[in-house]
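Student: curious how this folds, go ahead:
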Amino acid sequence: MSKPTTAEFIRVLAADGFREILHFPLWWYTTGLMRTFQWATSSIKGAPTFFGLDVWVKNLFVPMYGDESFVGRLISFGVRFFVVLVRGLVVVLFSLAVVVMAILYVVVLPLMIFMFIAHLMGMLL
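Tutor: Now for the predicted structure:
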């Protein structure tokens with residue numbers, strides 16, 4: 001078995017690199033896009049559990065500290081309702097951020113290619 005020459009190594013490296021550069025946009029908009037949207041949907045579905053919103057909603061009418069009096073129940077409901085509102089807002093903002101990141105994933109590659117070409121044209125002119 002003979003050793004590959006430097007020229008053969010460079011030729012294979014260049015061919016493989018060129019093939020990967022051409023394959024990258026295809027991967028970006030097929031496998032990468034599918035993985036991004038799977039991540040986004042699982043993140044949005046798991047957000048209420050991650051932020052504990054489901055536990056707070058489930059215990060909304062349970063009196064805090066076992067205080068069964070009317071005032072205790074009223075205060076418990078008021079505090080938990082406020083916490084549910086705040087955590088619900090956090091879940092909505094988190095979901096919005098995930099959607100924005102997924103949209104950015106779609107937009108960033110064409111924008112990057114456009115900016116590269118614009119920069120290259122500016123350097124050549």
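
Student: so how far is the helix or strand hosting residue 112 from its chain's centroid?
Tutor: If you go by DSSP states H and E, residue 112 is part of helix 70-124. The chain centroid and the centroid of helix 70-124 are separated by 9 Å, computed with C-alpha atoms, centre = their mean, to the nearest Å.

Student: pull the number of nearby residues for residue 24.
Tutor: 12 (other C-beta atoms under 10 Å). (C-beta placed from N, C-alpha, C; glycine too.)

Student: please apply the same query to residue 81.
Tutor: Neighbours of residue 81 (other C-beta under 10 Å): 14.

Student: what is the helix holding residue 112 packed up against?
Tutor: Helices and strands touching helix 70-124, by 3 or more C-beta pairs under 8 Å, 6 or more residues apart in numbering; DSSP states H and E, are helix 6-29, helix 31-50, helix 53-58.

Student: can I get these in a markdown table including mean pLDDT?
Tutor: Formatted as a markdown table, the helices and strands packed on helix 70-124 follow (pLDDT from 0 to 100):
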| stretch | mean pLDDT |
| --- | --- |
| helix 6-29 | 88 |
| helix 31-50 | 96 |
| helix 53-58 | 94 |
